[in-house]
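> Fold the following, please.
(2 chains)
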Amino acid sequence: MTSVEQRVEPEESVASGGMTRAERIAGLVQRRGSVVVLALVVLIASVSFDSFATVGNAQNIAIQSSFLAIVALGMTFVIISGGIDLSVGSVYALGGVLAAYGIQWGSLVGLLLPLVVCGAIGLLNGVLVAYGRLAPFIVTLATLLGARGLLLAITDEGSTTRLMQREDWLTQLGQGTFLGLGIPVWITIVLFAVGVVVLQRTRFGHATLAIGGSREAATLMGLPVARDTMLLYLGSGLLAGLAGALAAAYSASGVTIVGEGLELDAIAAVVIGGTLLTGGAGTVGGTLAGVLLLRVIQNVINQVGTLSSHYQSVVSGAFLAVVVAVQAYLSRAHLRGGR
Amino acid sequence: MDSVLVATAIGKRFPGVIALSDVDLTLRAGEVHALVGENGAGKSTLIKVLTGVYTPDEGTLHHLGRPVRFGGPAEAQAAGISTVYQEVNLVPMQSVASNLFLGREPRTRFGLLDFRAMNEAATQLLGSYGIRVDVTRPLRTLGMGVQQMVAVARAADTRARVVILDEPTSSLEPREVDTLFGIVERLRADGVAVLYVSHRLDELYRICDQVTVLRDGRVVHSGPMDELPRLRLVATMLGRDLEEVRREGATKFEGEHAAEEAAPVLAATGLTVKHRLDSVEVTVRPGEIVGLGGLLGAGRSETALAIAGALPLDDGEVTVAGRSVRGGSVAAAMRAGVVLLPEDRKADGILPDLSVRENIVLAALPRLSAAGLVSRRRQDSIVETFMQRLRIKAASPDQRVGELSGGNQQKVLLARLLCMQPKVLLLDEPTRGIDVGAKAEVQALVDELAKDGLAVVLISSEFEEVVEGSDAIVVLREGRVVTRLEGADVNEASLLAALAEEH
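You can find the predicted model right below:
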C-alpha cells in the first residue's frame, strides 16, 4: 500500500504539506485576537492617561475582573460544549445573598451554603439539558427567573440586606490581599490554571470539545455525552455561586440587585475571547483576555470622565459585533480552506 | 467458523411503521457479510440495533455466545463492536489524532492526556494503513476520502471483534476504495467479523463472503455471496420474481406520448457533481415521460436536483427549449420553466399550517402581484382552476393543508408547481406514502399532464411505476448513465438486466 495523500487529488497533497498561510493566520487570529486587542488597548490607555498605568489602577482592574472571570470560566466550558447558561447572573446574586445569610453560623457555612444551593441549580440545569434533552436556552432562562425569585423571597423583596463581619475568614477571602493582589484575584488565577489543564489535558475537556463539535458524532463514538453535559452545567452553577460569595465578601454584604445582566457580560467575554458561540472550539485563556478587555474598556471610559458610563456598553457591544463578524468570516475562510 | 454476533428474530417498531420484523443475522469471525436492501428496507435500523443506538422490541442479540443488551453505543463499543457510519461521524474541528483516540486517549501518570504518545500512536496507526498525514491537523482540513479512512481506522483499531461499515465507499475515489478494501482484507485475516453495507454490486461481489437481503424490514434472502447471481440479487432486493418478469416482457401503461420528431425541451448534458454525478445526460421531448432508473444511491435524486438548479454543478449544461440555464440557481431554473416536486414533501414542500390557497399560490406570488400587492380575485380563480383540474379534495381553499390526506397534499404541491406554467416537471417519488386510490389518481394526472405537452422526468422506487409510466428510462448507477432504454426496451426484464449488469 502506498500513501493515500499521494494518490488523492493534487490539492490534497498541497494541503497535506501543512496548513496554508491563510489558514494558519485565520486560526491564530481566532485564538489570540483578543490578547492582541487587549495589549493594544492597554498600550493606548497607558500613553493617553497618566492615571491608567498605575499599580493602584491595575489592582483595581484585577479585582473588578475576578468575579466576572470566575463566572465566565464556567460559561466557557458550557459554550464550548455547544450550550449556553443564562442562569449565572441570578445564581451569582443568590450566591452572594446566601453567603451573607449563612455566615451567621460561621464562615464555613457561609461558603458552603451558596455552593450547595448554586450547585444544585447548576445540576438541575444539567439534568434537564443532558437527560431531559431540553434546549439549554430555555432551561437556563427558567432557572434565571427561578433563582431571581428565590432571591427576592429570602430577602423580603430585597429590603433585607445582610452584612458580613470583617473578622470572619470568609470576609477576609473577599477583602484580603496577597503580594499586592486581592485574594479573589489569586483564586481566579488558580481556577483558570486548573481550567486550562482540564480543557486541554483531560479526557473530560477533550470530550467537551467533541460534544460541541458534533454531539451526534460524540454520542456515536461512545463518549459519555449526557454525563459530561450535566457536569458542565453543574460546574457553571458552582463557579457562579462561588463568584457571588466572593463578591459579597468583598463588599461585606449580600445585595440582591447585583448580577443582573452578568450572564450577558460573561457570554460576551467568552465570545470576545475567541470561543465559537456554536461550540466546538475555544480557549480558557481567551476568556480571561475577553474579561480583562471588557473591564479595561470600562476603566478607560471612567478615566475619560466626560463620557457617560453607559457608553461603556456601547463600546463593549461594538467589540462583540466585530468579534462575531470576524469569527463568521474566519470560519467561512476555514471551510473554503478545508474543501 | 465462530459466530461473533448473532441477532435472532429481531423486531423493531416505530409509531405507525414496522421497521424490522423477525430478522436473523449471523456475523462470523473472519467473514465479510454484505447487507443489502432498497430505501426503507430496514438496513439502518438493523445497524442501530446491533450498535446499541436502538433497543429492539423483540428478539435477542448474542455476542460471543452470551445474550447481550446494549444500553447505548458506548456499551456496544466496549463489547468490541465498532461502526463506520455513512456520513463521516467524526468531529471536524478536532485534530486527526484526537478523532482517532477520543474517549480512550493515552494518559500520563498524572491522568493528563499524553499528546506525544497519542500523536505517535495515531501516526503509526494510519501509517500501517498507508496513510501519511500530519495527525495534529484539524480533521476538516483533509479530503473526504482521508476523513473516511480515519473513521475506518478508528473503528478497526484495537479490540474490535465486529466492524460495521455503512456505505463506506460512497465518498471515496476508486483508488481510495482499493485502500479501504486492503483494510477490510486485513480485518478478515485478523478474524474480525465485518458487516458491509453498500449499493455497489461490484464491491459486494469483490469483497463479501455472505449476503443478507432485507426488504420491507424482513430478511428475504441469506446465503453465500457467490451463490447469488447479480440479476437475482437485484430482483430479490426489488421484490420482483425473475421468472415472472421474463415471461411477461413489456407491459405498456399508455401509448407513446411524444411525437418522435419533436426537439427535446429539456436537454441536460454532462451533468457532473463531484462524488455524486458523472456526465449524466437526460433529454426529454415535449409530452414525453422519462423515468430515471437505478438502485438507491445511484444518483437519481441528485440528477433531478441538479437539473432544478438545487445542486451546484461542477460541470455540464442544462438547456430548456434550446436556451441554456444558469446552473446552481433554483430561481433561474424556474424562470426557464423547470420545476421539481421534492422527494420529501413534508420537509421540503408543504407548509402544513397554511391554507390550500396559500400553499398553491406561494411560488407564483411574484407573478400574480402588481407593485407588491396580490390580487385576491386572481388568486381565487387560479386556485379554483387547479383544485378542479387536479381533483383536490378539500372542504374549501381555506382549509389547512395539514388536515388533508397525503394524496391531496401531493396534489396541492403539484398545483403549486403547475401554476408556474412549467415546461419541464421533475417528479421525485410522487406517489410515496400516499394511499392506493390517490396513487392511481396522481399517476393518471401525470399521464394527462404529459399528454398536454409537458416534459416529465419521473423518479420512483416502485419498479412498475417507472416501467409503466415512462416512455424511456435513463438507467443510472453510481452517478453514471448505464443505458437509456427506449420503446420496446422499456420493460422490467431490460431494466433489471441493466441494473445488475457488470461493468
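> Count the neighbours of A:Val258 for me.
19 (other C-beta atoms under 10 Å in any protein chain shown). For the C-beta atoms, the positions are set from N, CA and C on the backbone; glycine is no exception.
> That one and A:Val97 touch, don't they?
No - with contact defined as C-beta atoms under 8 Å, A:Val258 does not count as touching A:Val97 (9.1 Å).
> for the closest residue to B:Leu228 other than its chain neighbours, helix, strand, or coil?
Leaving out its chain neighbours, the residue that sits closest to B:Leu228 by C-beta to C-beta, 6 or more residues apart in numbering or on different chains is B:Val211, at 5.9 Å. Recorded secondary structure, B:Val211: strand (DSSP: H, G, I helix; E, B strand; the rest coil).
> which residues sit in contact with B:Val211?
B:33-36, B:204, B:221-225, B:228, B:233 (C-beta atoms under 8 Å, 6 or more residues apart in numbering or on different chains).
> Please pick the buried ones from those.
B:33-36, B:204, B:222, B:225, B:228, B:233 (16 or more other C-beta atoms under 10 Å in any protein chain shown).
> coming back round to it: between the contacts of B:Val211, which is closest to chain A?
Chain A has its nearest neighbour among the contacts of B:Val211 in B:Leu35, at 18.1 Å by C-beta to the nearest C-beta.
> If you drop the residues flanking it in sequence, what lies closest to that closest one?
B:Val197 (4.8 Å).
> thought the one you found was touching B:Ile47?
Yes - contact status for B:Val197 versus B:Ile47: in contact at 7.1 Å, counting by C-beta under 8 Å.
> shared neighbours of those two, anything?
When contacts are counted by C-beta under 8 Å, 6+ apart, B:Val197 and B:Ile47 are jointly contacted by B:35, B:164, B:166.
> Inside strands: which ones of those?
Mapping the shared contacts of B:Val197 and B:Ile47 onto strands (DSSP state E) picks out B:35, B:164, B:166.
> any idea of the mean pLDDT for the one helix or strand B:Gln148 maps to?
Element membership of B:Gln148 [criterion: DSSP states H and E] is helix B:144-156. Taken as a whole, helix B:144-156 carries a mean pLDDT of 83.
> In the stretch 401-503 of chain B, where is pLDDT below threshold?
B:436, B:502-503 (pLDDT under 70).
> show me where it has strands.
With DSSP state E, counting those that start in this stretch as the criterion, the stretch 401-503 of chain B has strands at B:424-428, B:455-459, B:472-477, B:480-486.
> What is the last one packed up against?
What it means is strand B:480-486. Secondary-structure packing of strand B:480-486 (3 or more C-beta pairs under 8 Å, 6 or more residues apart in numbering or on different chains; DSSP states H and E): strand B:277-284, strand B:472-477, helix B:492-500.
> partners of it in the sheet?
The pairing partners recorded for strand B:480-486 under DSSP bridges are strand B:472-477 (antiparallel).
> who touches the partner strand?
With C-beta under 8 Å, 6+ apart, strand B:472-477 has contacts from B:280-282, B:288, B:290-295, B:298-300, B:303, B:466-467, B:481-487, B:490, B:495, B:498-499, B:503.
> Using neighbour counts, trim those to the buried set.
Among those, those buried by neighbour count (16+ other C-beta under 10 Å) are B:280, B:282, B:288, B:290-295, B:298-300, B:303, B:466-467, B:481-485, B:490, B:495, B:498-499.
> Give the full set of residues in contact with A:Ala93.
By C-beta under 8 Å, 6+ apart, the residues touching A:Ala93 are A:147-148, A:151, A:244, A:255-260.
> residue contacts, A:Arg166?
Contact analysis of A:Arg166 by C-beta under 8 Å, 6+ apart lists A:172, A:175, A:252.
> Burial check on the last one, number of neighbours?
As a burial measure, the neighbour count of A:Ala252 was computed by other C-beta under 10 Å and equals 17.
> so it sits right up against A:Gln175, yeah?
Yes - using C-beta under 8 Å, A:Ala252 makes contact with A:Gln175 at a distance of 7.1 Å.
> any idea where the helices of the stretch 151-300 of chain A begin and end?
A:169-175, A:183-201, A:203-213, A:215-220, A:225-251, A:262-272, A:284-304 (DSSP state H, counting those that start in this stretch).
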